[in-house]
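[1] Sequence first, predicted coordinates after that:
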Number of protein chains: 2
Amino acid sequence: MNKKFVTFLPAGVKVEVESGTDLLTAASKANIEIKAPCGGDGTCGKCAVKLTSGTAKARRDSHLAARMAEKGYNLACQTIVQDEDLVVEIPKTSAMSKHQVLVDSSTAGQGMSEALSDYLLHVWQLKELFQQKQECALNGYPLNPLCRRIKLTLPPANLQDNRDDLNRLTMALKKETKCTDINVPLSIIRNLGEIIRADNFRVRVLLSEVNGKAEVLAIVPGHESKPLYGVAVDIGTTTVVAYLLDLDKGRILETAGTHNRQARFGDDVISRIVYAVDEEDGMKNIHQSIIDTINTLIMDLLVKQRHIKENDIRVMMTAGNTTMAHLFLGINPKFIRLEPYIPTANFYPVVKAQELGIRINADALVFSYPSVASYVGGDIVSGTLFTGMGNEDAPISLLIDIGTNGEMVLGAGDWLVTCSCSAGPAFEGSGITFGMRAMYGAIERMEIDPQTYEVSYTTVSNGKPMGICGSGLIDCLAKLRQTGIIDRAGKFQTSLPTERMRIGEAGPEFVLVWQEETDLDRDIIISEADVKNLLRAKGAVFAGIRTLLNVVGFELESIEHIYVAGGFGNYLNIPDAIAIGLLPDIPLEKYKYVGNTSAKGACMALLSQEAWAEANNLASKLTYIELSAGNLFMDEFVSSLFIPHTDLTLFPNVRL
Amino acid sequence: MNKKFVTFLPAGVKVEVESGTDLLTAASKANIEIKAPCGGDGTCGKCAVKLTSGTAKARRDSHLAARMAEKGYNLACQTIVQDEDLVVEIPKTSAMSKHQVLVDSSTAGQGMSEALSDYLLHVWQLKELFQQKQECALNGYPLNPLCRRIKLTLPPANLQDNRDDLNRLTMALKKETKCTDINVPLSIIRNLGEIIRADNFRVRVLLSEVNGKAEVLAIVPGHESKPLYGVAVDIGTTTVVAYLLDLDKGRILETAGTHNRQARFGDDVISRIVYAVDEEDGMKNIHQSIIDTINTLIMDLLVKQRHIKENDIRVMMTAGNTTMAHLFLGINPKFIRLEPYIPTANFYPVVKAQELGIRINADALVFSYPSVASYVGGDIVSGTLFTGMGNEDAPISLLIDIGTNGEMVLGAGDWLVTCSCSAGPAFEGSGITFGMRAMYGAIERMEIDPQTYEVSYTTVSNGKPMGICGSGLIDCLAKLRQTGIIDRAGKFQTSLPTERMRIGEAGPEFVLVWQEETDLDRDIIISEADVKNLLRAKGAVFAGIRTLLNVVGFELESIEHIYVAGGFGNYLNIPDAIAIGLLPDIPLEKYKYVGNTSAKGACMALLSQEAWAEANNLASKLTYIELSAGNLFMDEFVSSLFIPHTDLTLFPNVRL
């Protein structure tokens, strides 16, 4: 076939592709990430690019592609390289990455810079953990890492005690660890004789103990001492965050975060599953993407801590939703999205790093947090562990993590119920005209003057506004309602005396930011359709809470603590979230931001065998409520499509 | 470096080697095996070859090399390729293989013939098992193979029963197998969802159950049926024998045997250990040799059974002595030969075929029989299992396996003691002027006329005589004594009126076969030095038996059964063995030939989980008596250096 060059601006990256390739694929090949929440189906319109040189063909006569073309844009996923080299400009609104980590050029070696070019600093997500480079919160669990070293003096061999070396070792380990089942892999047995004699039957054994079973990972002569590190990884659908831990001291040494490279195959878990299942090599590609993502993070952690060797990282703990866990381990996720929504596995095998291609010690053990169901994953189990909701004396509490799905856990000690409501990706920016993730230039807070309807706002990193992220959208909805711009059903009051209110292409819209204040070529607006999407999203979450309460026969007032988790949760304006009916109208002091509990629980499990045992216990104990079985949820959902709710008695403190 | 060609006759195989290479190494490269019991040290004189074209250099000025040169021979191990191509003739006495299997030329494919050229038919060793191509003797253990298929119907998934697929499978397996610990490897989990739905939640699971733990090896939809085979391998120091078993029917389908290719590195376990430990890449080479040997046998088994695929072989069981087990698994054997003689492991991990490079299904499990001590290995444990000596109601019995070491087990039901006495390789032909293995042309039976001193004999496969194998040597010793040719101490009566008695290069010798009857250029003789070597060998074995009896406080008469095991044992003339004082003087009806019990026990363990559990139990139960600790054995040994013994009351029925 014919090969052509495509140059992407502003990065200036040139890539050779076969003619017939679409620009989204070409960009991916060039390691440039373009937004494509629909996975390249030509339906979301987020991958708009500009051809500045050369001509190309539109894949099909899509309405959206035509509309974009009118505005001088092409959808990258629908534009096909033909017989000409192309130069393509990616506008900031379409680019996935906004700003890059500055790496000291004297230390960024060849090859490294390419890997790091992919690295994005989500300052606001990592801040909390950067500050915490000290003790890792263990919430009462003892420091007793999943992998530890034991110093042993074995009884020396002689004609009277001529037991074999392996027996000598395992008997001593059984005594020392209380484990009844000690597994020593052949690779270690092979040279055991020399090793135990090198320091006169004194050895250091590196082992991992879980449930009374111990796996020996390494053994060295007693006089050799090696450091011992672990990595905890929170595998989010959007963002992946890794922590380098000193297992001896129980400290977080470094943190690094980046986009999940799977984003090129779709924004949410459903589009990723579709890609994995339907595309040729889909499973292989999407599995490799997350492995690559994690390897990049590990490299970054090691660069920051230059005296640490990858071989000294001996254990890894991951937490993520059920789909992420499947894709990370290379398990076919097909049935997660098909009724009756069955994951292939909720409890995952412990595997060696080399089996997955994770670039730490080849024999390091990789643990994955157990899931509860297709849409309640290890990240939620990890969060439940972190909050202590399953502890014996815990009061009735609610853990809530809002993303594309609103996952929540309600419980107290010995009972825990959980569900996942499909909130849709509105709070993550998808399906909202100017929705975007909480990146540079995203509006995160907003006020609207009730007299003048003028809008004031703050953006992430004080960048020029480019869109609105989840916390901004909640603020926005609350303010639109409080100022009477929309009614309780979300309908726009088009007669208001302000030029911000107007009729746009898709119906009524309200201008939030005029074009001249932005970094864009358009005004930033919110439309009536956007508002309806937001109502559905918040309605689903609240209906989920109500359904869980119904199942166990409690009222909103019974809840003693609400833990708001997740990157988004951290920046949520809780009074506004209550005002729109997203969160229950209970006293603010009962709310607690808990941040990235998935990551925190992963660190805890890595540092404490007891915490890991409890995580597994919680995964078994959590009772999953399937919302699509029965009408309870649907009734609650319909009642929640108003601001704050049809039943105003549920929100006594909300000023309408 | 300079490369030269060496052509080996009579095979006509040409190989290119660097000048500086010795002829033993060159032959090994050409896949031609030359006898080299000393491992190429130039000390045994067995690797004599003739240069028929070209000149070469002797490695060093060894006395032996000089003596051979006088006779027109060169020691292959001491002869170095220089600047000329060479043609080398290997006399039959030096060649390891005597005759080859005849393979129908229409079926021997390219490549295959090379592998099979290595194949040697030890008719007399395999005969027994060839005839047995039917049921494998399980000696009362149930047919319940280490690997079996289970047909399961899983409860179908729905919104009410939305457990994950893995849980659905493991719960059903726990119920079916009574195993509490079910391991499903990630590779199988990855596509589990599709597989269990392909035949509506009906599946066939292939699994291996040991000690209440089950390992899932494969899972297919219920409508797919696959055959299931296993391979049992007896890894002897000299000979390796493999059996292809139908695990469903409990039948032996095929048998194949060949030389252990490690022989090129030395004849006995000690020289192999020295090679493995002292030579560069020694461990790697010697490990690979046995893997190659086994792979050749497997290929041969498969060729014979052409409708069987290597992928359908799902499990393998090996039995061998402790050194063979170490070398097979790649475990450093160094400390086996250093006081206090500690093996690295007696119980070996179960590993996957691919980890060892065994060419059966990559995920097949490879089991290794447990050992008891450095010189009492899995072959003896296997034999103990086969004889049933550890069974509850077993009478006092003795199992004896004579090779380089005489290994023996004495016991009855709940007590079992074992030891190994270093008999030296005399019975295997080493250290005896015309000693050879039980191959084509070996004298295996012998009579000497008490009047004329004329010798009559039979040879293996009726070949022209070329030497004497173990059973022939025992006959020979008995007859030499019975005819008064030697006295009780083994001294030759040089004044006898026969020209067969003469003084040779190394002292008195007796001509057993005149040159014209042989296939050699010399008379076949036995010397006084040979006799002394044989006395030491038989003395060590009898002293071992006496020492075991002493330890437990029993007399020779207490023994109800003596099981004579091993390829050598099968052809032993027991009255002669008693006459020379090798075996106890108890009624002949108490003796039983049991053949290759190592192989038989390996087949049993493969076909019966119960047998395998008992094999492991026996390995723990066997009490090892270290003969080098204390003086008991040495005193017995010195008393045993006469024919039959210094204490004639121990041999009341032996006519002197």
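    Nice, I can see it. Residues are numbered from 1 along each chain as shown, chains lettered A, B, ... in the order given.
[2] Quick check: nearest residue in space to residue A:544, chain neighbours excluded?
    residue A:421 (3.6 Å; Cβ to Cβ, 6 or more residues apart in numbering or on different chains). In this view, the C-beta of every residue, glycine as well, is placed from N, C-alpha and C.
[3] who's that neighbour bridged to?
    residue A:406 (DSSP bridges).
[4] ok, it - how many residues close by?
    Neighbourhood size, residue A:421 [other Cβ atoms under 10 Å in any protein chain shown]: 26.
[5] Repeat that for residue A:9.
    Neighbour tally, residue A:9, other Cβ under 10 Å: 15.
[6] ok, now how distant is it from residue A:22?
    Distance from residue A:9 to residue A:22, counting by Cβ to Cβ, to the nearest Å: 18 Å.
[7] Ok, residue A:172 next?
    Residue A:172 is 62 Å from residue A:22, by Cβ to Cβ.
[8] the more surrounded of those two?
    For the pair residue A:172 and residue A:22, the greater number of neighbours falls to residue A:22 (22 against 19), based on other Cβ under 10 Å.
[9] can you pull the pLDDT of that one?
    Turning to residue A:22, the model gives it a pLDDT of 89.
[10] Same question for residue A:440.
    Note on residue A:440: pLDDT of 79.
[11] Please apply the same query to residue A:68.
    pLDDT, read off for residue A:68, is 74.
[12] Does anything pack onto the helix or strand where it lies? Which helices or strands?
    If you go by DSSP states H and E, residue A:68 is part of helix A:63-70. Packing partners of helix A:63-70 (3 or more Cβ pairs under 8 Å, 6 or more residues apart in numbering or on different chains; DSSP states H and E): strand A:74-75.
[13] Give me the contact list for the strand it packs on.
    Applying Cβ atoms under 8 Å, 6 or more residues apart in numbering or on different chains, the contact partners of strand A:74-75 are A:23, A:42, A:45, A:47-51, A:56, A:58, A:62, A:64-65, A:68.
[14] which neighbours does it have in its sheet, and in what orientation?
    strand A:48-53 (antiparallel).
[15] beta partners for residue A:315?
    residue A:230, residue A:365.
[16] With the one 4 residues further on instead?
    Beta-bridge pairing of residue A:319 under DSSP bridges involves residue A:234.
[17] since we're on it, how many residues are nearby?
    34.
[18] now residue A:333
    Residue A:333 has 25 neighbours, counted by other Cβ under 10 Å.
[19] That one is in contact with residue A:321, isn't it?
    No. Counting by Cβ atoms under 8 Å, residue A:333 does not reach residue A:321; the two are 10.6 Å apart.
[20] per-residue pLDDT, the residue nearest to residue A:544?
    For residue A:421, the model assigns a pLDDT of 93.
[21] what's the distance between it and chain B?
    16 Å (Cβ to the nearest Cβ, to the nearest Å).
[22] quick one, what contacts that residue?
    A:405-406, A:408, A:540-541, A:543-544, A:627, A:633, A:637.
[23] Sitting in strands, which of those residues do you find?
    Among the contacts of residue A:421, the residues falling in strands (DSSP state E) are A:405-406, A:408.
[24] Which positions in the stretch 551-656 of chain A make contact with chain B?
    Counting by Cβ under 8 Å from any Cβ of the partner chain, the residues of the stretch 551-656 of chain A close to chain B are A:624, A:626, A:628-629.
[25] and with 6 Å instead?
    A:626, A:629 (Cβ under 6 Å from any Cβ of the partner chain).
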